[in-house]
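K.L.:
Need a 3D model of the sequence below.
(3 chains)
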Amino acid sequence: MSGLLPQSFYEGDPAEVARGLLGKLLVRLLDRCRLSCIIVETEAYYGPDDPASRARRGGELRRIMGGDVGVALIYGIHRQWLLNIVAHEKGECGAVLIRSGKPLEGIEIMKRLRGLDDAHLLASGPGRLTRAMHVDKSMHGKPIYIRDHGLWIEDYVDVPSSMIARSHRIGVSKDLPTPLRFYIKGNEFVSRRVRGV
DNA sequence: CGCCAGATTGACT
DNA sequence: GTCAATCTGGCGG
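P.N.:
Numbers count the residues shown, from 1 in each chain, chains lettered A, B, ... in the order given. Presented below is the predicted three-dimensional model:
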């Protein structure tokens, strides 16, 4: 079997993990069918000091974001489920939002789940990606460094740093000074909600 | 207990 | 361009 990312992959600065996830394969097992997307866009979120982080509000999300790394954190907003992976250094708090993917396996199933034919719209956006891969709240809190829950991440390609661009996070009103969105330069499957990006 | 804001999407005046 | 749908947790805006 190919390279399942180990839990240790997610132990590190959220921005570094977010960069490292570009080019990896997000895999979903659904009724013995493999759905997968190449991750092309991510964002890093930190703890209570990050004004855009859900951890700022405390509660369950903060506990999960400060807990075991490599765990799925599913965040419901505006009728969408957003997929995050808990990632931080020891004793810290943070997560990586998976924003966009390029569909690779199970494309016909994804088209059915999305009710769309255009591959460029299947998983280009955090809410679109979760719908295309049938990820919902039932995945919340589940480790993704094992295959037991039907959702995991595998090695796929190495993306050289010259191919990685960064920008400010999309849709946040109070961002940190550091750009924390990472994406593959020029990739057609990156979501485009900001003019000129 | 109700209201508000927010890491979005897609349909429509 | 504009707006509504709908989930979560903090706060009384």
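
K.L.:
For residue A:153, pull up the helix or strand it's in.
P.N.:
When elements are assigned from DSSP states H and E, residue A:153 belongs to strand A:151-154.

K.L.:
Which secondary structure elements does that strand sit against?
P.N.:
For strand A:151-154, the elements it packs on are strand A:25-30, judged by 3 or more Cβ pairs under 8 Å, 6 or more residues apart in numbering; DSSP states H and E. (Each C-beta comes from the backbone N, C-alpha and C, glycine too.)

K.L.:
partners of the strand it packs on, with directions?
P.N.:
strand A:33-45 (antiparallel), strand A:151-154 (antiparallel) (DSSP bridges).

K.L.:
Export it to CSV, keeping only CA atoms.
P.N.:
What follows is strand A:25-30, C-alpha atoms only, in CSV (Å, rounded to 0.1, in the frame of the first residue of the first chain):
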residue,chain,number,x,y,z
LEU,A,25,-3.7,13.0,-1.9
LEU,A,26,-6.8,13.2,0.2
VAL,A,27,-8.5,9.8,0.0
ARG,A,28,-12.1,8.8,0.9
LEU,A,29,-13.3,5.3,0.9
LEU,A,30,-17.0,5.1,0.1
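
K.L.:
Now do the buried residues in that strand.
P.N.:
A:25, A:26, A:27, A:28, A:29 (16 or more other Cβ atoms under 10 Å).

K.L.:
do stretch A:172-183 as well
P.N.:
Per 16+ other Cβ under 10 Å, stretch A:172-183 contains these buried residues: A:172, A:175, A:176, A:180, A:181, A:182, A:183.

K.L.:
of all those, which two lie farthest apart?
P.N.:
Distance extremes for the buried residues of stretch A:172-183: the farthest pair is A:176 and A:183 at 17.4 Å, using Cβ to Cβ.

K.L.:
Would the helix or strand bottoming out on mean pLDDT in chain A count as contacting DNA strand C?
P.N.:
None of the helices or strands of chain A scores lower by mean pLDDT, DSSP states H and E than helix A:59-65, at a mean of 88. Yes - interface with DNA strand C: helix A:59-65 contributes A:59, A:60, A:61, A:62 (Cβ under 7 Å from any atom of the strand).

K.L.:
Of the strands paired with strand A:25-30, give the one that comes closest to DNA strand C.
P.N.:
Shortest distance between DNA strand C and those, using Cβ to the nearest atom of the strand, is found for strand A:33-45: 14.5 Å.

K.L.:
anything in that closest one near DNA strand B?
P.N.:
Yes - remark: strand A:33-45 sits within contact range of DNA strand B at A:43, A:45, by Cβ under 7 Å from any atom of the strand.

K.L.:
Give the buried residues for that strand.
P.N.:
A:35, A:36, A:37, A:38, A:39, A:40, A:41, A:42, A:43, A:44, A:45.

K.L.:
The fourth one: what's it in contact with?
P.N.:
Listed by Cβ atoms under 8 Å, 6 or more residues apart in numbering, the contact partners of residue A:38 are A:23, A:24, A:25, A:26, A:101, A:102, A:104, A:156, A:157, A:189.
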